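A predicted structure for the sequence below; I have some questions about it.
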Amino acid sequence: MDNLHAGLMVAVIALVTILLRGIPFIVFGGRKKTPAFIVYLSDVLPYAIMGMLVVYCLRSVDILKKPYGLPELISGLAVVLLHLWKRNTLLSIALGTIIYMTLVQTVF
Amino acid sequence: MMSIRYAFKRSLPVMAGYLVLGIGFGILLETKGYGVWWALLMSVFIYAGSMQYVAIDLLSGGASLLSAALMTLMVNARHLFYGISMIERYKGTGKKKPYLIFALTDETYSLVCSGEAPEGVDQKKYFFWVSLFDQSYWVIGSIAGSLIGSFIHFNTSGIEFSMTALFIVVFVEQWKSASSHLSAVIGVAASVACLLFFGPDSFLIPSMVTITAALTAFRKVLDKKQKEREGAGNG
């Protein structure tokens, strides 16, 4: 990707983000009530989107070809279990990544 | 001075998180061929953790501007909610207001959304300094990560899993706090179905459309769950 396209992409992402952060103050900053549907969506959407992002990260994994997605499965499970156990975000991410790097560099 | 010191103290937990996640972001961005200036540019102007990780993928995968915009819209839609709940608290913040709104990340929101500042602390100044401290940690972390990635050479293969791990952790956190798992299940099921049907390069937009449609269809069920839980919480 050339620098111009990359720069434009950063600008687009920045612009959409600032719009999302600013729109409520512009639109609902007066006394008007926020539409119930918008409140509902911003309430439930994060749960679905995080699931989508996990799938997005794993989109190129081919479970029919060697190593059959095993590094992702093992490391992913490790992250889940570690997090349920210790509830420490940074620890779960760091150890999960180290496990994955070790697996793809030395085992598989 | 009191306000600055109080803001710094409150921001310390965020410091640890932002420095580490920022470093991870910087390293990952560097390994995809985007150096320290890109890290600085993104962390100053985008300043949204999860989205910046996704942006690395969009940049290195050569995505279109439209799909980048849609992706940002979906990933950052929750900020609408933060904004809605901060309208009252950010009233009367004057010249600082545009920056306060720009810098309203998940973590900053968690520091400004509740509680009154103690005596002697100007609440408006506290809002400003806590926002500024948090962004500084993120920018410093990103730059440090980028430099680490370019100066220290180690086998980075597999380091991209830090992004997967981050999203899994947030997913688990949300799973535990949700009044209903239906939304999370819809997210995963719709994405997997679209991935199988459309393939890895073009499944995101269909997934977003499917998720929004499904959440709209299940609104009654999910609204009811939410109300039941609020009722139980108050009772």
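Looks like it came in fine.

For residue B:92, grab phi and psi.
phi 80, psi 20 (degrees, to the nearest 10).

pLDDT weak spots in the chain?
Assuming you mean chain A. Counting by pLDDT under 70, the ranges of chain A that qualify are A:1, A:30-34.

actually chain B
B:114-115, B:230-235.

Kindly report the domain assignment for it.
Following the assignment in automatic domain parsing, chain B carries domains at B:2-151, B:178-234.

same deal with chain A?
Following automatic domain parsing, chain A resolves into domains at A:1-41, A:58-108.

Among these, which comes closest to residue B:157?
domain A:58-108 (5.8 Å; C-beta to C-beta). (C-beta placed from N, C-alpha, C; glycine too.)

Residue B:179 sits in which helix or strand?
In this structure, residue B:179 sits in neither a helix nor a strand according to DSSP states H and E.

any idea how far it lies from residue B:221?
Distance of residue B:179 to residue B:221, given as C-beta to C-beta, to the nearest Å: 11 Å.

Packed most tightly, which of the domains of chain B would that be?
Mean neighbour count, computed with mean count of other C-beta atoms under 10 Å in any protein chain shown, is highest for domain B:2-151 among these, reaching a mean of 19.

Please measure how far the first residue of that domain sits from its last one.
Across its full length, domain B:2-151 reaches 39 Å between end residues, using C-alpha to C-alpha, to the nearest Å.

give the contact list for residue B:155.
The neighbours of residue B:155, taking C-beta atoms under 8 Å, 6 or more residues apart in numbering or on different chains as the test, are A:101, A:105.

Could you pull up phi and psi at it?
Dihedral angles for residue B:155 - degrees, to the nearest 10 - are phi -70, psi 100.

Just send the domains of chain A back as a markdown table, with distance to residue B:26 too.
Listed next are the domains of chain A as a markdown table, based on distance: least, C-beta to C-beta, whole Å:
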| stretch | distance to residue B:26 |
| --- | --- |
| domain A:1-41 | 15 |
| domain A:58-108 | 14 |
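
Turn those into a markdown table, including mean neighbour count and distance to chain B.
Conversion of the domains of chain A to a markdown table gives the following (neighbours: other C-beta atoms under 10 Å in any protein chain shown; distance: least, C-beta to the nearest C-beta, whole Å):
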| stretch | mean neighbour count | distance to chain B |
| --- | --- | --- |
| domain A:1-41 | 16 | 3 |
| domain A:58-108 | 16 | 4 |
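
Using CSV, lay out the domains of chain B together with distance to residue A:6.
Listed next are those as CSV, based on distance: least, C-beta to C-beta, whole Å:
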stretch, distance to residue A:6
domain B:2-151, 6
domain B:178-234, 19
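
now the helices: where do they sit in the chain?
Defaulting to chain A. A:3-27, A:36-57, A:70-86, A:89-102 (DSSP state H).

um, chain B though
For chain B, helices defined by DSSP H occupy the ranges B:2-31, B:36-45, B:49-60, B:65-75, B:78-86, B:97-102, B:106-112, B:123-151, B:161-177, B:182-198, B:204-217, B:219-234.

Distance to chain A for those - can I get that in JSON lines?
Output for these, formatted as JSON lines (distance: least, C-beta to the nearest C-beta, whole Å):
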{"stretch": "helix B:2-31", "distance to chain A": "5"}
{"stretch": "helix B:36-45", "distance to chain A": "4"}
{"stretch": "helix B:49-60", "distance to chain A": "6"}
{"stretch": "helix B:65-75", "distance to chain A": "4"}
{"stretch": "helix B:78-86", "distance to chain A": "3"}
{"stretch": "helix B:97-102", "distance to chain A": "5"}
{"stretch": "helix B:106-112", "distance to chain A": "10"}
{"stretch": "helix B:123-151", "distance to chain A": "12"}
{"stretch": "helix B:161-177", "distance to chain A": "4"}
{"stretch": "helix B:182-198", "distance to chain A": "3"}
{"stretch": "helix B:204-217", "distance to chain A": "5"}
{"stretch": "helix B:219-234", "distance to chain A": "5"}
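
In JSON lines, list those along with distance to residue A:41.
Shown next, in JSON lines, are these (distance: least, C-beta to C-beta, whole Å):
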{"stretch": "helix B:2-31", "distance to residue A:41": "26"}
{"stretch": "helix B:36-45", "distance to residue A:41": "26"}
{"stretch": "helix B:49-60", "distance to residue A:41": "18"}
{"stretch": "helix B:65-75", "distance to residue A:41": "11"}
{"stretch": "helix B:78-86", "distance to residue A:41": "8"}
{"stretch": "helix B:97-102", "distance to residue A:41": "20"}
{"stretch": "helix B:106-112", "distance to residue A:41": "17"}
{"stretch": "helix B:123-151", "distance to residue A:41": "26"}
{"stretch": "helix B:161-177", "distance to residue A:41": "15"}
{"stretch": "helix B:182-198", "distance to residue A:41": "10"}
{"stretch": "helix B:204-217", "distance to residue A:41": "7"}
{"stretch": "helix B:219-234", "distance to residue A:41": "9"}
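
I am finished for the moment; much appreciated.
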